[in-house]
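In: Next input, structure requested:
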Amino acid sequence: MKKRIWILSISLTFLCLSNNKESIGQVINTNEVTRYDQFRDIPLNTKPEGWLLEFLRRQQSGLTGRPDVLSYPFNTSLWGGVIDRIGDKRGADWWRYEQTAYYTDGLIRLGYLLGNDSLIQKSKEGIKYTLDRPQDNGRLGPSFFTSQWPIAVFFRVLEAEYSVTKDPRIVEALHRHYLSYTPKELGDAKRAIVNIEGALWTYGKTGDQRLLELAEKSYAIGGFELNLEKCLSSEKDSIHGVTYMEMAKLPAILYTYTNKQLYLDAAVNAMKKLERDHMLPDGVPSSSEFLSGKDPLVSHETCDITDYTWALGYLLMATGDAHWADNIERAVFNAGPGAVSKDFKNLQYFSSVNQVIATGISNHNPYKHGTTWMAYWPCHETECCAGNVHRFMPNYITRMWMRDSAGNPVATLYGPSLEKVKLSNGTEMTIKETTSYPFSEKIDFSFEVSSPVKMPFKFRIPVWCDKPQVLINGKAYKGNLKKGSFITIDREFKNGDRISLNFPMEAKMVKWGRWGGLVERGPLLYAYAVPEAITIDTATYPRLDGKRSNDPAFPALDIRPKGNWNYALDMDSTDFSKKIKVVKTKKTGYPLDPGNAPVVIRVPARKVNDWTLEQGRFTPPLPLANGFEVDSKREMITLVPYGSTRLRVTVFPIAEQ
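Out: Reported below is the predicted structural model:
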């Protein structure tokens with residue numbers, strides 16, 4: 001215990017000293033308090049188009065628009081009333097409020113992005129009820145909470161609403177709410193520390209130094225799992241995945257309000273070692289439910305797709321480092337749609353890059369082994385992923401466009417969209433981003449402005465792109481196009497100007513540790529889509545203690561392989577380009593629908609003898625090198641974008657050459 005206190009005291013000394021260092025950030029010029037970040041998000045300002053809009057529409061017609069099929073607690077009043085406890089197996093008293101806060105955050109963002117009044121009004125019921133009924137001490141939420149974690153989630157609902165309406169009651173209520181806490185309540189009580197995310201946002205709106213002091217003093221106590229000391233450590237962590245990702249972002253947020261370099265160092269180090277030790281090929285760290293290493297058989301919670309990418313957004317804003325944007329894209333384009341059915345009517349709790357069966361008894365992870373947790377069902381035994389799944393794509397779109405230190409537009413994440421910009425001199429501009437990225441290499445920005453205006457325009461060169469091309473009104477841009485960085489074009493923009501990006505996507509084979517290899521192209525991971533035999537599960541569904549979808553359009557699926565899947569790649573990275581064939585299919589429909597991929601990759605493979613389901617119900621481990629025999633016949637198999645699959649093999653054994 002003495003050693004821990006001594007280390008923390010040194011860390012706090014460094015925090016004080018680091019305040020005198022020159023910041024790597026830039027001061028954002030606003031009427032709010034001084035902040036030290038490179039970029040800032042403009043929530044719910046972007047209009048999605050193309051395939052992104054279709055994804056959101058499927059959310060609306062799917063699970064997000066039908067909380068009744070998600071079952072308890074989503075079929076209640078949500079935060080628009082008291083959520084009655086049903087049964088004795090629903091977790092602690094705060095549990096049902098955590099799940100419904102997740103869901104409401106996704107619901108309100110989806111509503112505003114689609115301009116859907118019904119979804120918005122459903123969200124506002126919870127906002128109004130919560131603001132109208134503060135506790136005597138000003139605290140929001142039910143007084144019986146034994147944990148202050150759910151209100152840290154519901155803060156994001158209030159933030160989303162404020163970003164659109166600027167309702168002053170939200171800031172006033174949050175101001176009173178956070179001032180009701182002591183540092184000990186937040187700093188020594190597990191996930192309660194995540195409340196400093198909202199406290200710092202409220203500080204940014206009010207300038208009340210007491211909120212900044214609350215955040216720093218709470219964080220300094222360090223009685224939570226991923227404190228400053230552990231963020232700065234090089235040791236491998238093994239804590240709960242959601243907890244790690246929620247806490248890893250906190251020092252980055254603290255940095256943006258304090259300019260203390262050690263905070264930023266801690267956040268960056270925490271995320272870098274998460275990549276080093278636990279990153280899976282689909283772009284999300286393992287978490288089943290605890291951080292579990294890089295074996296392609298382990299899974300991540302669907303929760304972590306949302307929580308990881310939300311956390312990375314703060315690091316992107318704090319640092320301006322394109323690396324974090326690349327990571328967000330990889331997770332959202334691959335892991336996100338890979339964990340849900342393409343009509344958004346079923347989801348997994350645990351999702352794996354290698355999963356050749358998905359039934360009510362096929363969970364191959366040690367945690368809850370043999371249970372329902374890997375099935376594509378509309379509701380699950382534990383509700384957090386059924387609530388959190390609604391957030392990842394609205395969050396992505398929210399942060400596609402940001403602003404630099406002077407309020408100029410920054411294209412941080414790519415996708416078809418329309419962005420309205422009001423520059424510091426009052427000029428209004430509309431930027432249309434025309435693309436089907438990541439299913440296409442080309443992105444066009446067209447600028448609509450009433451009169452010429454000089455401004456810098458930033459955009460990102462992805463780290464995977466070796467030969468980017470940029471055209472300005474059809475003429476080649478001669479500046480340095482360094483991959484993995486943001487490029488600034490500072491010029492006078494006229495109405496109708498166009499900036500065109502071409503990011504050639506080269507198919508690559510990547511070795512994945514000792515297990516085998518995988519194929520990727522640009523930000524997309526490719527997988528073999530295992531042929532599916534689908535039935536409706538009626539045998540194991542009752543395990544959910546009565547929770548179920550009563551709508552046959554939202555079934556509990558039993559998906560088993562009905563064709564071969566036991567393939568090894570018959571090539572290695574040295575002859576990969578000679579043996580594969582990238583096929584542009586000219587398909588123009590929704591790119592995530594099975595059989596509708598705009599680009600597929602044909603690769604040589606051989607069947608692996610004796611690589612079969614374990615016990616007839618579990619996805620088996622990969623056969624390791626020199627430990628398996630392959631068929632003499634070579635086949636060409638087709639790999640498709642990972643996000644278009646449910647059953648899949650992504651990391652393959654490599655056949656001996």
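In: contacts, neighbours, all on C-alpha from now
Out: OK.
In: Quick check, pLDDT for Ile7.
Out: Note on Ile7: pLDDT of 35.
In: same question, the one 10 residues further on
Out: At Leu17, the predicted lDDT confidence score is 33.
In: Let me know the average pLDDT across the helix or strand Gln59 falls within.
Out: Using DSSP states H and E, Gln59 sits within helix 50-61. Averaged over helix 50-61, pLDDT sits at 98.
In: State whether Leu211 is indeed within a helix.
Out: Yes: counting by DSSP: H, G, I helix; E, B strand; the rest coil, Leu211 is part of a helix.
In: Share the number of residues neighbouring it, please.
Out: Look at Leu211: counted by other Cα atoms under 10 Å, it has 23 neighbours.
In: go on, Leu501?
Out: 20.
In: Next: Gly293.
Out: Neighbour tally, Gly293, other Cα under 10 Å: 22.
In: The stretch 351-500 of the chain: strands as residue ranges?
Out: According to DSSP state E, counting those that start in this stretch, the stretch 351-500 of the chain carries its strands in the segments 401-403, 409-411, 417-422, 428-435, 442-449, 453-461, 469-472, 475-476, 485-493, 498-502.
In: Please apply the same query to the stretch 51-200 of the chain.
Out: Under DSSP E, counting those that start in this stretch, the stretch 51-200 of the chain gives no strands.
In: from what I can see Met636 touches Lys607, true?
Out: No: checked against Cα atoms under 8 Å, the pair Met636 and Lys607 is beyond contact range at 10.9 Å.
In: Overlap of the contact sets of these two?
Out: Here Met636 and Lys607 share no contacting residue, scored by Cα atoms under 8 Å, 6 or more residues apart in numbering.
In: So between the two, which is more surrounded?
Out: Neighbour count, other Cα under 10 Å: between Met636 and Lys607, Lys607 has more, with 21 against 16.
In: Could you break the chain into its assigned domains?
Out: 2-20+27-399, 402-437+442-502, 507-522+565-649 (automatic domain parsing).
In: Out of those domains, indicate the one that is most buried.
Out: Mean neighbour count (mean count of other Cα atoms under 10 Å) peaks for domain 2-20+27-399 among these, with a mean of 21.
In: can you state the direction angle for the helix holding Gln59 and strand 417-422?
Out: 100 degrees (axes from the mean of the first three to the mean of the last three Cα atoms, to 10 degrees).
In: re the thing from before, distance to Asn550 for the domains of the chain - can I get that in TSV?
Out: Compiled in TSV, the domains of the chain are given as follows (distance: least, Cα to Cα, whole Å):
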stretch	distance to Asn550
domain 2-20+27-399	7
domain 402-437+442-502	36
domain 507-522+565-649	23
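In: closest one to Ile534 among these?
Out: Among the domains of the chain, domain 2-20+27-399 comes nearest to Ile534, with 9.7 Å by Cα to Cα.
In: so how far is that closest one off the chain centroid?
Out: Remark: domain 2-20+27-399 is offset 9 Å from the chain centroid, using Cα atoms, centre = their mean, to the nearest Å.
In: re earlier: indicate which one of the domains of the chain is closest to Glu532.
Out: Judging the domains of the chain by Cα to Cα, what sits closest to Glu532 is domain 507-522+565-649, at 7.2 Å.
In: Skip the chain neighbours and tell me the closest residue to Ser123.
Out: Closest residue to Ser123 apart from its sequence neighbours, by Cα to Cα, 6 or more residues apart in numbering: Ile108 at 5.5 Å.
In: One more: Arg646?
Out: Gly338 (6.2 Å).
In: same question, Glu381
Out: Distances taken as Cα to Cα, 6+ apart place Leu544 nearest to Glu381, at 5.4 Å, with adjacent residues excluded.
In: Where does pLDDT dip in this structure?
Out: Within the chain, the ranges that satisfy pLDDT under 70 run 1-32, 87-91, 541-542, 625-626, 656-657.
In: secondary structure element for Tyr526?
Out: Assigned by DSSP H and E, Tyr526 belongs to strand 524-529.
In: Tell me the helix or strand right after that strand.
Out: Taking DSSP H and E, what comes next after strand 524-529 is strand 532-536.
In: How about exporting the helix or strand just after that next one as PDB, limited to the C-alpha atoms?
Out: Using DSSP H and E, the helix or strand that follows strand 532-536 in sequence is strand 557-561. Only the C-alpha atoms of strand 557-561 are listed here, as PDB (Å, rounded to 0.1, in the frame of the first residue of the first chain):
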ATOM      1  CA  LEU A 557     -31.700 -17.400 -34.900                       C
ATOM      2  CA  ASP A 558     -30.000 -20.700 -34.800                       C
ATOM      3  CA  ILE A 559     -27.200 -20.500 -37.500                       C
ATOM      4  CA  ARG A 560     -25.100 -23.500 -38.400                       C
ATOM      5  CA  PRO A 561     -22.600 -24.200 -41.200                       C
END
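In: Could you pull out the buried residues of strand 557-561?
Out: Leu557, Asp558, Ile559, Arg560, Pro561 (16 or more other Cα atoms under 10 Å).
In: State whether Val470 and Arg498 are indeed in contact, as I suppose.
Out: No: with contact defined as Cα under 8 Å, Val470 does not reach Arg498; the gap is 10.4 Å.
In: The longest helix belonging to the chain vs helix 50-61, what angle?
Out: Counting residues, the longest helix in the chain under DSSP state H turns out to be helix 95-114. Taking the same axes, to 10 degrees, one finds that helix 95-114 is oriented at 130 degrees with respect to helix 50-61.
In: Return helix 95-114 as CSV; C-alpha atoms alone will do.
Out: Provided in CSV are the C-alpha atoms of helix 95-114 (Å, rounded to 0.1, in the frame of the first residue of the first chain):
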residue,chain,number,x,y,z
TRP,A,95,-28.4,-2.1,-13.7
ARG,A,96,-31.6,-1.5,-15.7
TYR,A,97,-30.8,2.2,-15.8
GLU,A,98,-27.4,1.6,-17.3
GLN,A,99,-28.9,-0.4,-20.2
THR,A,100,-31.6,2.1,-21.0
ALA,A,101,-29.2,5.0,-20.8
TYR,A,102,-27.1,3.3,-23.5
TYR,A,103,-30.2,2.7,-25.6
THR,A,104,-31.6,6.3,-25.2
ASP,A,105,-28.2,7.7,-26.3
GLY,A,106,-28.4,5.8,-29.5
LEU,A,107,-32.0,6.6,-29.9
ILE,A,108,-31.7,10.3,-29.7
ARG,A,109,-28.7,10.6,-32.0
LEU,A,110,-30.4,8.3,-34.5
GLY,A,111,-33.6,10.5,-34.3
TYR,A,112,-31.7,13.7,-34.9
LEU,A,113,-29.6,12.3,-37.7
LEU,A,114,-32.7,11.0,-39.5
